[in-house]
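> Below is the structure, and that's it, no one-letter string:
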């Protein structure tokens, strides 16, 4: 697992629990961003992503940069891998997270170190 890798994930923190795609931000700390079908509630925290950016998507979606989630090791494996995101998309995600100011500095630092291209 590397930063920028995308996985199919069954989220138990959503209501109701459901399958989602997630982007790995930090494999060592198991931190991820959700990919959602709608923009996040936090204004300015979504990065639009299309099937051209990530072929496993069936429609335009949004990377929610307002929060990182922790995924336990037993929740993902090689079978759930769906590819990776491009360096330009990494830069857009990092720029969005810096601009909205919602993420704590610790998480911004992790994002910068892992999405630096």
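Good, I have the coordinates. Keep in mind that what you see is a predicted model, and the values were worked out from it rather than measured. Numbering: from 1, shown residues only.
> Can you list the strands that the longest strand seen in the chain pairs with?
Longest strand in the chain by number of residues (criterion: DSSP state E): strand 18-26. When pairing is defined by DSSP bridges, strand 18-26 lines up against strand 5-11 (antiparallel), strand 31-36 (antiparallel).
> roughly how far is that strand from the heart of the chain?
5 Å (Cα atoms, centre = their mean, to the nearest Å).
> how about that strand: buried residues?
20-26 (16 or more other Cβ atoms under 10 Å). C-beta coordinates here come from the backbone N, C-alpha and C atoms, glycine included.
> State the mean pLDDT of that strand.
The pLDDT scores in strand 18-26 average 92.
> Any idea what the spatially most central residue of the chain is bridged to?
In the chain, the residue lying closest to the centroid (Cα atoms, centre = their mean) is residue 33, at 2.7 Å. Assessed by DSSP bridges, residue 33 has beta-bridge partners residue 23.
> which ones are touching it?
22-23, 25, 63-65, 67-69, 93 (Cβ atoms under 8 Å, 6 or more residues apart in numbering).
> 10 Å instead, please
6, 21-25, 40, 47, 62-69, 93, 97, 111 (Cβ atoms under 10 Å, 6 or more residues apart in numbering).
> Any of those buried? List them.
6, 21-25, 40, 47, 62-66, 68-69, 93, 97, 111.
> tell me the angle the lengthiest helix in the chain makes with strand 31-36.
The residue-count maximum for a helix in the chain (DSSP state H) belongs to helix 87-100. Angle, helix 87-100 to strand 31-36, by axes from the mean of the first three to the mean of the last three Cα atoms, to 10 degrees: 90 degrees.
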